[in-house]
Structure formats: structure tokens, C-alpha cells
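Peer 1: any chance you can model this:
(one chain, ligands or ions: 1)
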Amino acid sequence: MQTCINSEIGKLEGVVIHTPGSEVENMTPENAERALYSDILNLSIASQEYAQLSGVLKKIAQVFEVKQLLTEVLENPEAKMQLLKDICTHERTPGMEEKLAAKSSSELTNLLIEGVVLERNNLTNYLSNEKFLMRPLHNLFFTRDSAMGMNENMLIGRMANPVRERETLIMEAIFNHHPAFETKTINPEKPLHGIPVDAKVTLEGGDFQVIREDVYVIGTGMRTSTQGIDAIIEHIKDQHRGVRHLIVQELPSTPESFIHLDMVFTCLNTDACMVYEPVVYGLNRHKTIYIRIDNNKVTINEQPNIPEALKKLGIDLKPITCGGKEDLWAQEREQWHSGANFFAFAPGKIIGYERNVHTLNELSKNGFEIVRASDVIDGKVNVQDYKKCVVTIAGSELARGGGGARCMTMPVRRAEVNW
Ligand SMILES: NC(=[NH2+])NCCC[C@H](N)C(=O)O
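Peer 2: As a prediction, the model looks like this:
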């Protein structure tokens, strides 16, 4: 499959997901925060909820599981050794390379995802408070963040937190070596034309949206640094593809539910977007910046907000309010549980949490029919029969991990949109 992402809403053709496993339970309340969760999770409930998301996706597109992709990549001895070398260098676990190399592909996949337990074989390790030598990838099921489709390339993330670093190395190995994908990876961590990369470069997929082939909206804050966006500008200049537009939104650093742009702004249709109003329109709103890249020429100015900036580029999106218009508390409560985090699988067809009832009500007022995931999976309803719909999934446990439907999906191919 040639990867191709030229919008946030084009009909979904291919998507990469990860069904959560024991790695989501391998934490205690004390270290949940370090794992970037707002609470500890119960795997059996999270799995039932997740099955609703993956069940719906399997009805509509080709679904790739990270675990299977990685196991298959590890069958390639060169790719395996390179990946182990990269991981052990990044995680400073010399000596592990040989030990891990001796494992079978499927055993190794499990260790890389679920973690390698620290052996109590010397005094330091015996006295250590750590359970793991190589930590589990608690956040791997948020496949959105570690790599992102940018037109026909895959842009590799550069995570703000070391607990998520291994995810990007795995994604890079998959997109470079797995025969299922035809693509070119762009890694902002690697020097472009020999120019050393700023150590402050961070970039996560939750902050990155391709709105139209030539228009990107990017959040900057706790997860994506301005240096990360500057690195994207350099790569765009390098591609010499005519005029490209970037709209950058500064995000508040607290609470943690504002970590990514997609927690406050997502696209729903050719004429609608979901917004968490206090951040996108609020009075003490952070800055919205427009950057025009015309081959080598970069011009920058300030804009009132994302929808206004998009309008000037011919993309007119009506904002629909997360949590409904009336009650600020409902907005806050629903935003916290990923109420603005919708995943569009076609123009006007989206997936989100059923718990956020005020948000669903607002969508319904705007013509979106509410459809239950279980009915889609059982074949009682067909999403093709709707012009606009929101497919709802359960999300009591999943939301505690800190994300919603958009965070849990990494689209790799979408059909073009008829704007
Ligand atoms: N695209 C997103 N909003 N992803 C949410 C990721 C949540 C995850 N616990 C983290 O903090 O990294």
C-alpha cells in the first residue's frame, strides 16, 4: 500500500492500530504519571472497549496491527539488528542487544512492547526500585503519536518523553522495512543536508494534522516544540513543492488533557470541525500563527484563531462545540475525557466516545446521526447508509490512558476529498 494522507477526513483505506496488552496494566498508581496516564487501567475492561473501536475499523478499512507488523519486520535479520542497536543505544542498555537478538521474532516483539523485567543479579539491581530494565510501552495503543502520514511520506515522531521513545524506533523500522507499505520516512531527528538537529526538536502526531494536501495545522506546547515545527519547515522547503501553508496553535501547558492539538481541535467534515472553545477561541487564548512557505521563502504572521486562518485558505469549517454551548463545566468535563478527539473515517463520518453526551447532543443538532459501534459490528447498521454519523464506542477505561479515537488510530492511506 502506498501511504497517502492528504486530509484528516478522506475515506479511510488503511490504518495502523495496536490492541492494548499487558503493558497497559504494568504500572502502579505511584508511577502512572511517569507512564503518562491519568489513572491506572483495567485491561479486561479496556480490551472490551477497544474491541469496539477495532471492530468498527475492520468493517471499513484495511487494519494493520503493530504487533504483527513488528514480528514480520523482525524476521529480516538486518532490520532486526539495526532496530535492536537503535533501541539499546537510545535506552542505554548495552549488552542487551545480543541477549535480545537470540529471541524469536514473536518473543522479541512481546519483550519490546511489554517490557524487559530487571534481573536482580547484582547489588544495584537488587536494591533498585525499578521493576523493568526496559519499560513497557504503555502508550503504544495511541498509535497516532509516534509517526504521522504527511502526503505520501511518513513523518517519524520525536517524543517529548523518554517512555515513548521506543515507539518511534519501532514505527520507523516498520515503515522502512515492512513490504506492506510503500513510503519514504522522514525522521526529524536525522540531520538534513548535514545540518545538525536542534536537541529541542520534539514532534508528536497528536499535534499534527494535514487538512488539505497543502495545508497543515500543528499544535505546539508540551509535546511538540517550536523547534520541531521549524524542522518540518525545513523538510517542506527541501521538497520544493510550491506553496505550503502551516497554521500553528500554541497550547496551554496545563491541565494534561491539553497535551495535543487533537484534544481541542479535530476535523469532522469538509464543512465542520470540533473545537474545545476555551482554547480555540478563549479570550486569554494562546497565539495562532500562520506560516507560508513558498519554495525557500517563509513568511509568518499572527491570526485570530484556527478556523479563521483556514477560511482564508478556502477551507470554511463550522465549529461544533465540545461539551455543548451552555455549560462550561460540561465542556471541561468532556474535554478531559477526550470529548473533542474524534477520528473521521470519511467526510462527515466520525468515531468518538459515547460517554461525552453533551458533545454528542451538539453533533446531533448539527445533523450527525448517533450510531452504536456494536450495531455496526453486528451488521445491524451500515455506515454507508448515512450521510453524516458519529459511531460511539465505550471509553471508561480507555480514556484514563489520556486519549480518544483519533489518538488510537494512525491512518496510512485515505482517499482524496472532494472539497
Ligand atoms: N494524540 C493524542 N492526543 N494522544 C494521547 C496520548 C496520551 C498518552 N498517555 C500520552 O500522554 O502520551
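Peer 1: give me the low-pLDDT residue ranges for the stretch 251-400 of the chain?
Peer 2: For the stretch 251-400 of the chain, the stretches with pLDDT under 70 are 283.
Peer 1: which residues touch stretch 72-91?
Peer 2: For stretch 72-91, the external contacting residues (Cβ atoms under 8 Å, 6 or more residues apart in numbering) are 93-94, 96-97, 100-101, 105, 108-109, 112, 134, 165-166, 169-170, 173-174, 176-178. Any C-beta I mention is one placed from the backbone N, CA and C, and that applies to glycine too.
Peer 1: wait, I meant stretch 31-51
Peer 2: Against stretch 31-51 from outside (Cβ under 8 Å, 6+ apart): 19-22, 24-25, 27-29, 138-139, 141, 161, 163-164, 256-257, 393-398, 400-402, 408.
Peer 1: among the residues you listed, name the buried ones.
Peer 2: Among the contacts of stretch 31-51, the ones that count as buried by 16 or more other Cβ atoms under 10 Å are 19-21, 24-25, 27, 138-139, 141, 163-164, 257, 393-398, 400-402, 408.
Peer 1: looking at the residues you listed, which are in strands?
Peer 2: Using DSSP state E, residue 393 are the members of the buried ones among the contacts of stretch 31-51 that sit in strands.
Peer 1: mark which of the contacts of stretch 72-91 are buried, thanks.
Peer 2: Buried among those by 16+ other Cβ under 10 Å: 96, 100, 108-109, 112, 134, 165-166, 169-170, 173-174, 176-178.
Peer 1: closest one to residue 295 out of those, please.
Peer 2: residue 176 (28.1 Å; Cβ to Cβ).
Peer 1: quick one: the closest one is in a helix?
Peer 2: Yes. Using DSSP: H, G, I helix; E, B strand; the rest coil, the assignment for residue 176 is a helix.
Peer 1: distance between the ends of stretch 119-139?
Peer 2: 24 Å (Cα to Cα, to the nearest Å).
Peer 1: can you tell me how far the closest residue in space to residue 156 that isn't next to it in sequence is from the ligand?
Peer 2: Using Cβ to Cβ, 6 or more residues apart in numbering and skipping the chain neighbours, the partner closest in space to residue 156 is residue 187 (4.4 Å). Taking Cβ to the nearest ligand atom, to the nearest Å as the measure, residue 187 falls 19 Å from the ligand.
Peer 1: equivalent analysis for residue 360, please.
Peer 2: 19 Å.
Peer 1: residue contacts, that residue?
Peer 2: Here residue 360 is in contact with 352, 354, 370, 390, 392 (criterion: Cβ under 8 Å, 6+ apart).
Peer 1: can you tell me the helix or strand for it?
Peer 2: Assigned by DSSP states H and E, residue 360 belongs to helix 357-365.
Peer 1: buried residues in that helix?
Peer 2: Neighbour-count burial for helix 357-365 [16+ other Cβ under 10 Å]: 357-360, 362-363.
Peer 1: let's have these in CSV, adding distance to residue 204.
Peer 2: Shown next, in CSV, are the buried residues of helix 357-365 (distance: Cβ to Cβ, whole Å):
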residue, distance to residue 204
357, 29
358, 28
359, 23
360, 27
362, 27
363, 26
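Peer 1: name the nearest of these relative to residue 157.
Peer 2: Distances from residue 157 to those, taken by Cβ to Cβ, are shortest for residue 359, at 27.2 Å.
Peer 1: what about the closest residue to the closest one other than its chain neighbours, how many neighbours?
Peer 2: Spatially, and ignoring its direct neighbours in sequence, residue 359 is nearest to residue 339 (4.5 Å; Cβ to Cβ, 6+ apart). Residue 339 sits with 33 neighbouring residues when counted by other Cβ atoms under 10 Å.
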